[in-house]
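quick one, structure for this:
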Amino acid sequence: MNRTFLIFLMIGTAMMIAVIGQHETDYQQQLDYNPWDIDILEGGSSRVFGITLGKTSIQEANQIYAHFAKTLLLVNTNDDGSSNLRMQARYDELTIGGIVAEIRLDYQLDQQQLQQIYNESQDKIEAAPQPIQSLSPIELSPEIEARYLATPVSMITFLPAIDIGENLIRQRFGQPGSETRVDDSYSQWNYPTLGLTIRLYSNQPDHFIYQPLK
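Got it, this is the predicted structure:
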């Protein structure tokens, strides 16, 4: 009796390991995207990394990546020196096309909505509210995050853990529409027909920023 039970237990364990292994394989296939695989859709939006800009929600992104993101409220400084708020979902250490990377998804929210979120986040802080210009990233509460899970993604930032390199970028994306040398350590390549901006750094991996076509 005990021997029979042991045999069945061993068989069940082997089957469970096989099922888990199959799920892990499926998970890797689910993240089998590449930064140069960009589908341009009608209306000027694009689909990349399984996300359709302006359509795919943060909740759907959580399902696509099988991860829950860390949600932050940040200040974006514009070229003219002005500031505005951004709400961003961040996925750390995803494996994208064999590359370990971070994915950042911007929520499609206007400044009035973001200001309300900021005010609510500050209500929970005993200290005096910070000026927007000096605001450090705020990790939002699960209650706030849950209310905005249905919000579409407006922009994607892809941060690979390795330097992809200029040669491979030109090979995969083609010649950029424009190249701007910002300083000795940073230049920017623009691909307007793809809705893509690539920031190339000499001291850190490059940043790939995907937005709808203008």
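
which parts of this protein are strands?
39-40, 46-48, 51-52, 70-77, 83-96, 99-107, 138-139, 153-160, 178-183, 186-191, 196-201, 207-210 (DSSP state E).

make CSV from the ones you listed and add mean pLDDT, distance to Gln171 and mean neighbour count to it.
For the C-beta atoms, the positions are set from N, CA and C on the backbone; glycine is no exception. Converted to CSV, those look like this (pLDDT from 0 to 100; distance: least, CB to CB, whole Å; neighbours: other CB atoms under 10 Å):
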stretch, mean pLDDT, distance to Gln171, mean neighbour count
strand 39-40, 93, 19, 12
strand 46-48, 95, 18, 20
strand 51-52, 96, 24, 20
strand 70-77, 87, 31, 16
strand 83-96, 91, 18, 17
strand 99-107, 94, 15, 20
strand 138-139, 88, 38, 16
strand 153-160, 96, 16, 20
strand 178-183, 91, 16, 10
strand 186-191, 95, 13, 17
strand 196-201, 95, 13, 20
strand 207-210, 96, 15, 20
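
measure the nearest residue to Pro176 once chain neighbours are set aside to Phe208 for me?
Nearest residue to Pro176 in three dimensions, chain neighbours excluded: Trp189, at 3.9 Å (CB to CB, 6 or more residues apart in numbering). The gap separating Trp189 from Phe208 is 10 Å, by CB to CB, to the nearest Å.

now for these two: what residues contact both?
Thr197, Ile198 (CB atoms under 8 Å, 6 or more residues apart in numbering).

for the closest residue to Ile169 other than its chain neighbours, name its beta-bridge partners.
Of all residues not flanking Ile169 in the chain, Ile198 sits nearest, at 6.4 Å (CB to CB, 6+ apart). For Ile198, the beta-bridge assignment (DSSP bridges) gives partners Trp189, Phe208.

rewinding a little: among the strands of the chain, which comes closest to Leu31?
strand 83-96 (5.6 Å; CB to CB).

that closest one pairs with which strands?
strand 70-77 (antiparallel), strand 99-107 (antiparallel).

need these in CSV with distance to Ser185, can you?
Below are the strands paired with strand 83-96 laid out as CSV (distance: least, CB to CB, whole Å):
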stretch, distance to Ser185
strand 70-77, 18
strand 99-107, 20
